[in-house]
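> Provided below for reference: sequence and predicted model.
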Amino acid sequence: MAGALYLHVPFCARKCAYCDFASWATAANDPLMTRYARTLLSQLDEVASLGLLADCKTAYIGGGTPSLLGEKALGALVSAVRKVAPEMDELTCEANPDSLDDGVLLSLREAGATRLSIGVQSLDDGELAELGRLHDATCARVRVRAAVASGLDVSVDLMCATPGQTDESWARTLEDVASLGVGHVSVYPLQIEEGTALEARYADDACAWNDDEVQAARMTQAQVTLEGHGYSRYEVASYSVPGKACCHNKAYWTGVSYLGLGTGASGMLSLDEYLRLRVVAPQLPLPPRESVRARLTVASDRRALVEDSRLSTLSFSLEFLSEPQAVAEDLMLGARLVEGLDPELVSRARALFGGRLDGTIEGLLASGLLAERGGRLAPTQRGWLLGNELYGALWDLAPSEVATARC
Ligand code: SF4
């Protein structure tokens, strides 16, 4: 049954300038948030009644800003996840520094969260203001230190190639973060997304600060600095000290099935798991005959979810993958990992794609996007920097269009 669980909390105190995630600015006292949290509790009970979470090992409460729910509602959510998934090893909650007060930290700890992922993005006040973040660098440092002191495993998200960032300010942020005692750091280049305030602000600007070369240089700078402080890169954007890699994210990259609940949440289920979910959500269409995997995204908005929490009333957008498509997807996701592709997965791909796989691999080796390391095919630095080329070539092994549906 599903190996991982994702819960989406779509509320934020304010919309950041670059953000196109499923999140909406919401007043701290808006009763919608408590009602939404109750909806998730009820949906958790429904999926648990199917046995879908019996073997679930990791959970991630993401957003949005889950810490905005406050200690009571967030604590109840974490406790409920613990109850319905007794085999859980890792339970992460996302937070922003400005809403991560001591009450939230204590409640997360007591309810059974093991890990906290904090959206810091930068430790430069000017850069934070450009990004439209609510916290300043001092607030971020204080709240990250408090989180580390609480005993939770702490991860910090950082963003590079942002407006106003320089090599020097990025170096200061990296050094500063490395001194805070966190076990995990994720680093992403800023993407200028359509329809965001940032895109509008820089519509007539070449945005040289976000060039591919700048992104590549800053990602390399992060690698050098973080590795110099004892972190190892285990995925294109992820660094950890020994034993602190994020098991939940690794599940996404290694073909483990996961269930997503909440507005905009995505899940990936095996055919058996999908058919089991249909018992309580009969609106889900029967999959095409050759499907082995279903990708589901909850399309109901947050208000619809609150009005009626039953899974049978949800709207979904769906993709159904055949076995060759699922294997191509696993190859593509596996190429994000430093350890590279599981040889067993490569054997399955060879059985399905034959000479086409060998041709693709030869091409990727020749262009320096993949290399052989420790008996495995693994991405190179160049492969990560030209990620779209690498992942695209592996995905192109999939023979035809993915079947889609809505309900
Ligand atoms: S806190 Fe995160 S989810 Fe919320 S608006 Fe900012 S980037 Fe988006």
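Thanks, I have it. Everything quoted here is computed from the prediction, not taken from an experiment. Numbers count the residues shown, from 1 in each chain.
> E110 - how many residues pack around it?
The local packing of E110 (other C-beta atoms under 10 Å) involves 12 other residues. All C-beta spots, glycine's among them, are computed from the backbone N, C-alpha and C.
> does it touch G75 like I think?
Yes. Between E110 and G75 there is a contact at 6.8 Å, judged by C-beta atoms under 8 Å.
> domain parsing for this structure?
4-250, 328-395 (automatic domain parsing).
> out of those, deepest packed?
Comparing the domains of the chain by mean neighbour count (mean count of other C-beta atoms under 10 Å), domain 4-250 comes out on top with a mean of 19.
> let me know the pLDDT of the closest residue to E193 other than its chain neighbours.
Leaving aside its chain neighbours, E193 sits nearest to D20 (4.0 Å; criterion: C-beta to C-beta, 6 or more residues apart in numbering). pLDDT recorded at D20 is 94.
> ditto for N388
89.
> give me the secondary structure label for it.
Three-state call for N388 (DSSP: H, G, I helix; E, B strand; the rest coil): helix.
> can you say which of the domains of the chain is nearest to the ligand?
domain 4-250 (3.1 Å; C-beta to the nearest ligand atom).
> what's the end-to-end length of that closest one?
End-to-end distance of domain 4-250 (C-alpha to C-alpha, to the nearest Å): 10 Å.
> all further residue positions should be reported with the first residue as 609.
Yep, numbering from 609; the last one is domain 612-858 now.
> is the ligand contacted by it?
Yes. Against the ligand, domain 612-858 shows contacts by C-beta under 6 Å from any ligand atom at 620, 623-624, 627, 629, 631, 671-673, 704, 727.
> what about the helices in the stretch 759-908 of the chain?
In the stretch 759-908 of the chain, the helices defined using DSSP state H, counting those that start in this stretch lie at 775-786, 805-809, 820-836, 855-861, 879-885.
> any chance of these in JSON lines, plus mean pLDDT?
Below are those laid out as JSON lines (pLDDT from 0 to 100):
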{"stretch": "helix 775-786", "mean pLDDT": "98"}
{"stretch": "helix 805-809", "mean pLDDT": "95"}
{"stretch": "helix 820-836", "mean pLDDT": "96"}
{"stretch": "helix 855-861", "mean pLDDT": "96"}
{"stretch": "helix 879-885", "mean pLDDT": "96"}
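> which one of those lies closest to E698?
helix 855-861 (4.7 Å; C-beta to C-beta).
> quick check, pLDDT for G983.
G983 is given a pLDDT of 89.
> how close does it get to T968?
Separation of G983 from T968 (C-beta to C-beta, to the nearest Å): 19 Å.
> tell me which residue in the stretch 859-1008 of the chain sits closest to the ligand.
Nearest to the ligand, among the residues of the stretch 859-1008 of the chain, is G872, at 10.6 Å (C-beta to the nearest ligand atom).
> skip the chain neighbours and tell me the closest residue to L613.
A667 (4.3 Å).
> over to L661?
Closest residue to L661 apart from its sequence neighbours, by C-beta to C-beta, 6+ apart: A693 at 4.5 Å.
> wait, that neighbour touches L613, no?
Yes. Taking contacts as C-beta under 8 Å, A693 lies within contact range of L613: 6.4 Å.
> gap between stretch 931-951 and the chain center?
Its chain's C-alpha centre and that of stretch 931-951 lie 17 Å apart, by C-alpha atoms, centre = their mean, to the nearest Å.
> send me that stretch as PDB with only the CA atoms.
Coordinates of each C-alpha in stretch 931-951 appear next as PDB, following Å, rounded to 0.1, in the frame of the first residue of the first chain:
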ATOM      1  CA  GLU A 931       4.500   0.100 -17.700                       C
ATOM      2  CA  PRO A 932       7.000   1.600 -20.300                       C
ATOM      3  CA  GLN A 933       5.900   5.100 -19.300                       C
ATOM      4  CA  ALA A 934       6.200   4.300 -15.500                       C
ATOM      5  CA  VAL A 935       9.700   2.900 -16.100                       C
ATOM      6  CA  ALA A 936      10.700   5.900 -18.200                       C
ATOM      7  CA  GLU A 937       9.400   8.200 -15.400                       C
ATOM      8  CA  ASP A 938      11.400   6.200 -12.800                       C
ATOM      9  CA  LEU A 939      14.600   6.600 -14.900                       C
ATOM     10  CA  MET A 940      14.000  10.300 -15.200                       C
ATOM     11  CA  LEU A 941      13.400  10.800 -11.400                       C
ATOM     12  CA  GLY A 942      16.300   8.500 -10.500                       C
ATOM     13  CA  ALA A 943      18.700  10.600 -12.500                       C
ATOM     14  CA  ARG A 944      18.200  13.400  -9.900                       C
ATOM     15  CA  LEU A 945      20.000  11.300  -7.300                       C
ATOM     16  CA  VAL A 946      23.800  11.300  -6.800                       C
ATOM     17  CA  GLU A 947      23.700   7.500  -6.300                       C
ATOM     18  CA  GLY A 948      22.200   7.300  -9.800                       C
ATOM     19  CA  LEU A 949      20.000   4.600 -11.400                       C
ATOM     20  CA  ASP A 950      19.200   1.400  -9.600                       C
ATOM     21  CA  PRO A 951      20.700  -1.400 -11.700                       C
END
